[in-house]
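Student: next input, structure requested:
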Amino acid sequence: MGPVAREILGEPNKALSSAHELRFGTHGSLSVDLHKGTWFDHETDEGGGCLDFIRIKGGLPATRDQLDWLEAKGFRAPKPNGANGADPRHARPNGRRSGLGTLVATFAYEDELGTVLFEVLKFEPKTFRQRRPDGMGGYVWNIKGVRRIPYRLPELGEALATERVIWIAEGEKDVLNLARLGLPATCNAMGAGAWHSDLNPFFAGADAVVIADNDPQAIDKKTGKPRFHPDGRPVRPGQDHAQHVCAELKTVAARVRYLDLAGAWPACPSKGDISDWIAAGGTVEQLNAIAEGLADWTPEVAAPPIQATGLGEWNCGIRPAVIPPRQWLLAFAFCLSFISSVVAGGGVGKTALRLLQYMSIATGRRLSGQHVFRRCRVLIISLEDNRDEMERRIEAACIHHKIDRSALDGWLFCACPQVVKLAVANNRSRHIGPLEGQIRDAIARIKPDLVALDPFVKTHSLEENDAGDMDFVCSLLTRIAVELNIAVDAPHHVHKGLIVPGDADSGRGSSGIKDAGRLVYTLCPMSIEEAAAFNIPIHERAAYVRLDAAKINIAARSGEAVWFKLVGVNIGNGDERYPGGDTVQVAEPWKPPKAFDGMDDGVTVAILRDIDKGREDGQRYSNAPKTDEDRKAWRVVQKHCPDKAEGCCRQVIHAWLETKLLYPEEYHNPIQRKKQNGLKVDWAKSPGRITSVRH
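Tutor: Numbering: from 1, shown residues only. As a prediction, this is how the structure comes out:
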């Protein structure tokens with residue numbers, strides 16, 4: 001870590017560095033821990049390990065580039081060709097790749113114009129890898145961020161234009177064999193179980209036949225036992241994949257048919273596919289005849305569920321092979337299978353803050369200043385604003401945070417349903433409302449990772465103060481989160497009266513709302529005292545809001561507030577009648593000034609000397625509340641740091657008192673002619689070199 005930091009940043013600040021820590025910059029704001037091999041930039045609030053340093057400070061975002069850089073600089077020995085972990089780009093003359101066997105086929109996925117977006121490579125023994133062009137004649141061995149397209153897309157487009165039947169197989173080999181018969185065919189990359197809803201729009205209006213491979217029942221690798229679906233059906237990857245593709249295409253295609261190869265071909269071997277059928281002498285005429293006899297696809301009827309017996313208890317003395325981590329999305333704000341909420345009063349900026357966080361995970365960018373674990377699809381269900389207002393909010397956020405709308409394409413979705421509710425009351429009994437089904441249908445279509453319902457109070461028409469009613473509503477949200485493995489967010493309003501930051505009971509209505517959530521935060525405007533401490537004009541303090549953890553059941557709770565600033569953004573939509581257009585509230589991350597910012601050793605020594613010496617009239621400085629204004633210790637700090645607000649100056653004095661660097665000592669006040677306590681400096685507790693210059 002040390003040599004890498006020197007290579008990128010140059011020599012460290014010798015005066016501030018030590019044997020175990022390097023400090024870079026005039027004030028040493030970037031530190032490198034030589035023992036741990038980590039770094040942290042106190043100005044940008046970023047840090048990490050060696051590869052993170054090369055990515056952020058060296059400008060090399062790709063891991064492959066980072067490793068190549070280390071190798072080129074002599075920090076990493078090159079691996080011999082064929083060693084474990086060697087780059088598969090390095091080919092042997094016989095076509096073998098290190099650790100992967102022999103390359104036997106390369107399938108190029110081209111867009112509508114014939115440009116290769118990525119390739120699927122098949123090796124023997126049977127292994128598949130994906131890669132994408134890096135634009136410099138080489139490849140990046142993953143397809144992260146690459147647009148999802150079906151195989152042979154140009155040919156698919158031509159077939160759709162001429163209204164031909166589209167054949168959908170499980171793999172590229174099958175597609176090519178069908179194409180050799182003159183049939184338009186396609187598949188998705190990475191085989192069974194990898195169909196993504198991004199592929200659906202390519203099949204709008206299509207007449208599709210989906211072919212199911214004849215896979216046997218899957219066996220659990222750990223237990224050796226056959227696998228079953230929750231409803232009792234055996235798990236058969238090929239057939240399950242084809243059924244899933246049919247269900248996806250049913251929403252966009254004109255016609256969908258399911259071809260069970262084993263049913264149409266009694267001699268089909270186990271694991272047999274359409275390529276085997278063609279190799280056995282199958283013809284185009286026979287295949288078309290089979291398709292003509294197929295009915296339109298309908299969902300497979302599930303077998304009666306297996307009745308569970310007992311409690312389903314397990315022996316905790318046996319550790320499971322894998323304990324999966326919780327699936328966080330953004331900081332500790334959203335997590336799959338859990339309900340989150342932010343509690344705030346009206347007009348505080350709750351919607352602006354949440355929209356910023358939603359757009360952070362939809363774009364994969366730290367717009368909110370919080371860590372994005374992974375880029376996710378987000379569905380916002382606004383029950384308070386209509387579509388026009390939501391478009392204004394989104395446009396303002398895009399303008400302020402420099403987001404191109406194309407970056408949200410397929411990642412951020414909005415809905416503004418009117419009147420419908422998640423839960424309703426009828427004849428004094430609770431019922432599931434139509435909104436519940438609409439949400440589930442939308443999740444099936446869009447496949448979001450996070451669904452936000454804003455605000456919670458608009459999701460139902462039950463009694464908000466009734467614990468049973470609220471438990472009913474929250475149970476519906478919990479079932480959606482758990483059953484569909486998504487994060488659910490439900491911002492909530494506060495009760496009447498003052499709200500205390502971090503108070504989990506500040507939400508209005510029954511406590512059952514709070515109890516259902518696992519990630520609950522409060523959002524409060526800046527107080528008068530905080531405005532004074534941060535040197536913010538009182539009339540501007542409402543533009544600054546603090547986010548505090550109120551109830552965090554599934555992560556370590558932080559006591560530090562996260563601050564945001566609300567700014568007005570004109571979206572440029574003026575017309576003749578309203579030439580000024582609309583100005584919309586947008587949230588952005590904000591950090592309050594730190595008490596000791598700008599205080600180097602020289603300034604600190606000067607402040608401590610003045611406090612220790614006392615006033616010229618013989619009186620000493622004090623931190624007591626009723627002290628005369630000219631003897632208040634914080635004024636000494638402000639004298640040497642005139643840009644600091646009173647609140648920051650007080651924080652400095654309080655910090656020194658807590659560490660006993662300053663301590664009260666009784667003395668005789670010559671002006672008031674009585675004994676009082678005045679502040680003195682314990683120079684033995686002073687930091688670093690200050691001790692040696694106290695005189």
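Student: can you get me a residue count around Glu170?
Tutor: 27 (other C-beta atoms under 10 Å). Quick note: C-beta positions are derived from backbone N, CA and C, even for glycine.
Student: now for it: which residues touch it?
Tutor: By C-beta atoms under 8 Å, 6 or more residues apart in numbering, Glu170 lies in contact with 187, 191-192, 211-213, 238, 241-242, 273.
Student: what about it, distance to Ala189?
Tutor: 11 Å (C-beta to C-beta, to the nearest Å).
Student: shaky segments in the stretch 1-150 of the chain?
Tutor: 63-64, 76-100 (pLDDT under 70).
Student: quick one: the helices in it?
Tutor: Applying DSSP state H, counting those that start in this stretch to the stretch 1-150 of the chain gives helices spanning 2-9, 50-56, 63-72.
Student: out of these, flag the one nearest Cys524.
Tutor: Evaluated over these, closeness to Cys524 peaks at helix 50-56, with 32.4 Å, by C-beta to C-beta.
Student: how distant is that closest one from the center of its chain?
Tutor: 20 Å (C-alpha atoms, centre = their mean, to the nearest Å).
Student: restricted to buried residues, select the contacts of Glu170 in PyMOL.
Tutor: Remark: buried members of these, expressed as a PyMOL selection using 16 or more other C-beta atoms under 10 Å:
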select buried, resi 187+191+192+211+212+213+238+241+242+273
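Student: ramachandran angles for the residue lying closest to Ile499 once chain neighbours are set aside?
Tutor: Excluding its sequence neighbours, the residue lying closest to Ile499 (C-beta to C-beta, 6 or more residues apart in numbering) is Ser506, at 4.5 Å. When read as degrees, to the nearest 10, the backbone of Ser506 gives phi -80, psi -10.
Student: point out where this structure drops to low pLDDT.
Tutor: Residues of the chain that meet the cut-off, pLDDT under 70, sit at 63-64, 76-100, 231-232, 300-310, 496-498, 512-513, 554-559, 686-695.
Student: about what we covered before: want to throw the contacts of Glu170 into TSV with distance to Ile528?
Tutor: What follows is those, written out as TSV (distance: C-beta to C-beta, whole Å):
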residue	distance to Ile528
Cys187	64
Gly191	62
Ala192	62
Ile211	70
Ala212	68
Asp213	69
Gly238	67
His241	62
Ala242	65
Asp273	72
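Student: let me know the closest of the contacts of Glu170 to Lys126.
Tutor: Once C-beta to C-beta is applied, the member of the contacts of Glu170 that ends up nearest Lys126 is Gly191, at 10.8 Å.
Student: just checking, the closest one touches Gly171?
Tutor: Yes. Under the criterion of C-beta atoms under 8 Å, Gly191 makes contact with Gly171 at 5.8 Å.
Student: hang on, the earlier thing: which residues touch the residue nearest to Ile499?
Tutor: With the criterion set at C-beta under 8 Å, 6+ apart, Ser506 makes contact with 343, 494-495, 499-500, 522, 550.
Student: now swap in Lys73 and tell me
Tutor: Contacts of Lys73 (C-beta under 8 Å, 6+ apart): 4, 7.
Student: same check, this time on Ile446
Tutor: Here Ile446 is in contact with 197, 377, 379, 413 (C-beta under 8 Å, 6+ apart).
Student: 6 Å instead, please
Tutor: Ile446 sits next to 379, 413 when contact means C-beta atoms under 6 Å, 6 or more residues apart in numbering.
Student: give me phi/psi at it?
Tutor: Dihedral angles (degrees, to the nearest 10) for Ile446: phi -90, psi -30.
Student: same question for Glu588.
Tutor: phi -140, psi 150.
Student: that one touches Gly568, doesn't it?
Tutor: No. Between Glu588 and Gly568 there is no contact under C-beta atoms under 6 Å: 11.5 Å.
Student: can you map out the helices along the stretch 151-300 of the chain?
Tutor: 153-161, 172-180, 237-249, 261-264, 274-279, 284-292.
Student: which stretch among those comes nearest Phe128?
Tutor: Of those, nearest to Phe128 by C-beta to C-beta is helix 172-180, at 9.4 Å.
Student: and Ser511, how far from Val482?
Tutor: Taken as C-beta to C-beta, the span from Ser511 to Val482 is 21 Å.
Student: ok, Glu172 next?
Tutor: 36 Å.
Student: who's more crowded, the two?
Tutor: Shown here are Glu172 and Val482; by other C-beta under 10 Å, Glu172 has more neighbours (24 against 14).
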